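Undergrad: Test case, fold it:
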Amino acid sequence: MGKITFKNDAERLEYEKYAYLKGKQYYHYIAQELKNFEYSCVSSAIRYDLRLRYVLYRYIGLVEDMLKARIIDNQLDNQYTLKNFLEKDTKTSLNEINQIIIKTNANSEFETKENLEMIRELRNKIAHFTPLIFAAKEEVNQKIKALWAVIPNSHQEKFLKALKACELELDIRDSSILMTW
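TA: You can find the predicted model right below:
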């Protein structure tokens, strides 16, 4: 196993601080995937992946809220009322929400069963430890495109800008890890 290399003590201290959170083996895994053990490159890849997760999770939440609002406002299911959500702390999975939307034909043109399922899968992928930027990158790209299609038009441009901003001020020398939109 290769060793992470540092340009200076500040990088080494930063590594010690964040390796506690992510794990040293995780840093080595990223370095091996990159075939680059320079801390600045490894750290940048981890930051890029984390930024992507934050942006995607925020917009998945937007879609989930939009779909819940449609269920509540249009009284698509008696179990899912605003009162139930507020008073009984109703826990509803994205899968359940998707099923109600499809079952009641309350979906828009782009809220297909396939797109909604890809968004649910993307949310699950984000929640796991596996980086989004390596092996299943094309699959992740397809799921991101499905999310973009379902996001309201008023938010699509903001979504794309937020995704592009994930790349800023990072030492990414291997552009193959960058997502394409």
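Undergrad: how close does residue 157 sit to residue 151?
TA: Using CB to CB, to the nearest Å, residue 157 is found at 10 Å from residue 151. Every residue, glycine included, has its C-beta placed from N, CA and C.
Undergrad: which secondary structure elements does the helix or strand where residue 27 lies contact?
TA: Element membership for residue 27 (DSSP states H and E) is helix 24-34. Here helix 24-34 touches helix 9-22, helix 39-73, going by 3 or more CB pairs under 8 Å, 6 or more residues apart in numbering; DSSP states H and E.
Undergrad: For that helix, buried residues please.
TA: The neighbour-count check on helix 24-34 (16 or more other CB atoms under 10 Å) flags 26-31, 33-34 as buried.
Undergrad: Identify each buried residue in stretch 71-80, please.
TA: In terms of neighbour count (16+ other CB under 10 Å), stretch 71-80 has its buried residues at 71-72, 76-77, 80.
Undergrad: and of those residues, the nearest to residue 172?
TA: The nearest member of the buried residues of stretch 71-80 to residue 172, counting by CB to CB, is residue 71 at 40.4 Å.
Undergrad: how would you label the residue nearest to that closest one when sequence neighbours are not counted: helix, strand or coil?
TA: In space, and not counting its chain neighbours, residue 71 is closest to residue 80: 4.9 Å by CB to CB, 6 or more residues apart in numbering. When classified by DSSP: H, G, I helix; E, B strand; the rest coil, residue 80 comes out as coil.
Undergrad: Low-confidence ranges, the chain, go.
TA: 1, 76, 85, 87-93, 102, 106-107, 135, 181 (pLDDT under 70).
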